[in-house]
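Q: I would like the atomic coordinates for the input below:
(one chain, ligands or ions: 1)
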Amino acid sequence: MITLSNVKKVYQSKKNSVTAVNNINLEIKEGEIFGIIGYSGAGKSSLIRLLNGLETPTEGKISVAGHDITSINGKELRDARKEISMIFQHFNLLWSRTVRENIAFPLEISKISKIERDKRVLELIKLVGLEGREDAYPSQLSGGQKQRVGIARALANNPKVLLCDEATSALDPQTTDSILDLLVDINERLGLTIVLITHEMHVIRKICHRVAVMEEGRFVEQGRVLDVFKKPQATITKRFVQQVTEPEETKETIQHLLHQYPNGRVIQLTFVGESAEKPLITSLIRDFKIDVNILQGKISQTQNGSYGTLFIHIDGDMNEVNSAVDYIKQQQVEVEVIENA
Ligand SMILES: Nc1ncnc2c1ncn2[C@@H]1O[C@H](COP(=O)(O)OP(=O)(O)OP(=O)(O)O)[C@@H](O)[C@H]1O
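A: Numbers count the residues shown, from 1 in each chain. Sure, this is the predicted structure:
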């Protein structure tokens with residue numbers, strides 16, 4: 001659905017040049033939700049603007065929904081853009097138009113008849129859950145409702161690709177989750193391909209199938225979300241993964257717990273995919289003569305399966321403790337002994 005080959009974007013000014021996107025290769029399949037994460041200045045906005053032809057690459061080729069974005073212009077590019085829609089952090093709504101009129105706007109531009117327009121607008125209002133708010137103005141809506149209008153408007157012309165530019169960054173956590181749920185719903189119902197850029201790993205964890213991590217214009221890592229969570233390679237990726245798995249205070253808490261449990265072993269278990277659902281702790285207690293205390297843990301859900309960490313304290317005869325650790329290691333669970341007593 002989307003292919004980028006050796007794409008580079010250099011902004012040239014009289015004084016200097018900035019390479020915002022540097023040799024990016026990417027393939028996104030139809031129906032995928034693909035996330036690009038990076039800190040401010042990594043080049044994410046430049047990359048997403050290249051995807052809908054708002055910027056032209058300095059080098060390389062870009063194909064989106066069967067259109068060679070790099071070689072078309074004029075009417076051909078305008079037609080291609082109907083299939084590549086976008087939603088924004090600050091919604092970009094027309095403030096003097098009602099919800100209904102905002103959603104109808106792209107249909108008017110496409111010269112769709114009034115009867116057809118009204119029918120389509122109704123469908124879209126239902127799809128994004130804005131029934132009853134048709135005649136409200138953007139200023140009368142909450143942030144989440146504004147983004148729902150943005151999404152409905154973006155879907156008006158039945159696009160094949162939806163680009164999301166920090167679409168939830170201006171929203172509170174609960175509203176963020178409801179918008180992310182809506183995007184998954186749309187992806188599943190319409191088979192829409194979604195590309196999103198964000199600086200929040202929570203967004204990636206919750207809805208993306210695959211992710212690319214961007215730093216200084218390059219992709220430093222890409223893969224299935226669960227695989228990236230399991231074994232983040234680059235330092236920046238490890239930092240992003242920690243945003244959602246290990247709260248800042250975890251390490252402090254564990255240090256504190258080590259003092260509280262001077263005997264036995266404190267162990268960090270990392271569960272991925274199916275292993276997260278297995279009743280490991282039950283087996284440990286049942287099959288070994290040991291005491292098991294659960295100290296702290298968190299299991300999160302990604303689109304490819306669950307992921308989590310659990311800190312446990314095992315105490316008892318050291319031979320038995322060691323056998324238990326060996327047993328855990330055979331269970332497709334990553335094991336790290338935090339401290340030997
Ligand atoms: N139109 C432009 N002209 C010159 N330099 C630009 C332009 N747009 C972006 N840049 C530069 O390109 C680099 C990447 O910026 P970009 O906005 O793509 O990153 P980003 O990851 O989206 O960050 P942010 O989330 O802060 O927008 C930055 O150094 C930025 O200053």
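Q: can you count the residues close to the residue nearest to I328 when sequence neighbours are not counted?
A: Counting by CB to CB, 6 or more residues apart in numbering, I328 lies nearest to V335, which is 5.2 Å off, once chain neighbours are set aside. Where you see a C-beta, it was placed from the backbone N, CA and C, and this is true even at glycine. Neighbour count for V335, taken as other CB atoms under 10 Å: 15.
Q: Who does V335 form a beta bridge with?
A: Taking DSSP bridges as the rule, V335 bridges to L269.
Q: where does the chain come near the ligand, residue by residue?
A: By CB under 6 Å from any ligand atom, the residues of the chain that approach the ligand are Y11, V18, A20, G38, S40, G41, A42, G43, K44, S45, S46.
Q: Describe which strands the host helix or strand of the first one pairs with in its sheet and in which direction.
A: Assigned by DSSP states H and E, Y11 falls within strand 2-12. Taking DSSP bridges as the criterion, strand 2-12 sits next to strand 17-28 (antiparallel), strand 59-64 (antiparallel) in its sheet.
Q: wait, isn't the residue nearest to I328 in contact with Y327?
A: No - using CB atoms under 8 Å, V335 is not in contact with Y327, being 10.0 Å away.
Q: next structured bit after the helix or strand hosting Q301?
A: Counting by DSSP H and E, the element that carries Q301 is strand 290-302. Downstream of strand 290-302, the first helix or strand assigned by DSSP H and E is strand 305-316.
Q: Output the contacting helices and strands for that next one.
A: On a contact count with 3 or more CB pairs under 8 Å, 6 or more residues apart in numbering; DSSP states H and E, strand 305-316 meets helix 225-230, helix 235-245, helix 249-260, strand 265-272, strand 290-302, helix 318-329.
Q: if we can go back for a sec, the strand holding Q301 to helix 318-329, inter-axis angle?
A: For strand 290-302 against helix 318-329, the angle by axes from the mean of the first three to the mean of the last three CA atoms, to 10 degrees is 20 degrees.
Q: can you list the helices and strands packed on strand 305-316 in TSV and add mean neighbour count, distance to Q89 and mean pLDDT?
A: Listed next are the helices and strands packed on strand 305-316 as TSV, based on neighbours: other CB atoms under 10 Å; distance: least, CB to CB, whole Å; pLDDT from 0 to 100:
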stretch	mean neighbour count	distance to Q89	mean pLDDT
helix 225-230	22	22	88
helix 235-245	17	19	86
helix 249-260	12	29	74
strand 265-272	21	32	83
strand 290-302	15	23	84
helix 318-329	15	44	90
